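> Model the following, please.
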Amino acid sequence: MGLMVTAGIAGAQDTMPGFTGSGPEASAASAPTAVSLKGDRNVIAHSAITFRGRVRPGGSHRVLLQVGGRKVRTHSRADGAYKVRWRFPRSGVYSARARVDGSSVRSHRVRVNAYRPAEASYYGPGLYGGGLACGGTLTPSKLGVANQTLPCGARVTLHYHGHTVTVPVIDRGPFAGNREYDLTAATKAKLGFPSTGTVLTTR
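So this is what the prediction gives:
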């Protein structure tokens, strides 16, 4: 799969060496004008990665990182660079953003997909033209998945061997074995997924 696992609450205390915002180093820092944020876009749930960024101009600044609904504070080094380790507690789609504390300077948002493995299969041939549990008709070009419990229309991001697709829940199933998802033929083709196997999912 080749996902790079490099930012987490679990290691946040390692990035907080008691910066108080006072002293000669702090007073020498110029007012911030920009802050950047970088991090892996695809990770495995429960793993820790490292978010990195830089405050410009350089100097020691308090930096607040928010991922989902949780926050952690750190501070930049003399050159403005900072880093924060973050552990993703569960699968899902997270939005990460950095802000220089006490200012309106914010980074762009970084979307991170945290995945878990799930068994999946595909369906379609022999069923085309039939109705879907969530409405509509199954066709060879229909994108979506069948799932037994997720609400109709729920968006699911799937990842398989470097390919990613986000599709809605359109049907109920599968009802055989321990499989969690049935992929339509069009979804299967976009992922390069075989007939059955393990797919990574954000839901």
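> from the middle of its chain, how far away would stretch 126-137 be?
For stretch 126-137, the separation from the chain centroid amounts to 31 Å (computed by C-alpha atoms, centre = their mean, to the nearest Å).
> Next: stretch 130-140.
Remark: stretch 130-140 is offset 29 Å from the chain centroid, using C-alpha atoms, centre = their mean.
> which parts of that stretch are buried?
Residues Leu132, Cys134, Leu138 are the ones in stretch 130-140 that count as buried (16 or more other C-beta atoms under 10 Å). Glycine gets a C-beta too; all of them are placed from N, C-alpha and C.
> As a check, name the ranges of all strands in the protein.
Using DSSP state E, the strands of the chain run over residues 34-35, 42-44, 48-56, 62-67, 70-75, 81-87, 92-100, 110-123, 145-146, 155-160, 163-171, 181-184, 196-201.
> quick one on the thing from earlier: among the buried residues of stretch 130-140, which one lies nearest to Val84?
Val84 lies nearest to Cys134 out of these, by C-beta to C-beta, at 39.7 Å.
> Okay, that closest one and His163: tell me how far apart.
Separation of Cys134 from His163 (C-beta to C-beta, to the nearest Å) stands at 24 Å.
> any low-confidence regions in this structure?
The model of the chain has pLDDT under 70 over residues 1-29.
> Which helix runs longest in it?
Secondary structure assigned by DSSP state H gives helix 185-191 as the longest helix of the chain.
> how distant is it from the center of its chain?
Helix 185-191 has its C-alpha centroid displaced from the chain centroid by 21 Å (C-alpha atoms, centre = their mean).
> Could you list the residues in contact with that helix?
122-125, 140-145, 158-161, 163-165, 167, 183, 193, 199 (C-beta atoms under 8 Å, 6 or more residues apart in numbering).
> which among these end up buried?
By 16+ other C-beta under 10 Å, the contacts of helix 185-191 give 122-124, 142-145, 158-160, 164-165, 167, 183, 193, 199 as buried.
> Out of those, which is nearest to Lys38?
Scanning the buried ones among the contacts of helix 185-191 for proximity to Lys38, where the rule is C-beta to C-beta, the winner is Thr164, at 18.8 Å.
> can you tell me how far the closest one sits from Gly192?
Taken as C-beta to C-beta, the span from Thr164 to Gly192 is 11 Å.
> list residues touching both of those two?
By C-beta under 8 Å, 6+ apart, no residue touches both Thr164 and Gly192.
> picking that back up, closest one to Ser30 out of the buried ones among the contacts of helix 185-191, please.
Closest to Ser30, out of all of these and judged by C-beta to C-beta, is Thr164, at 40.1 Å.
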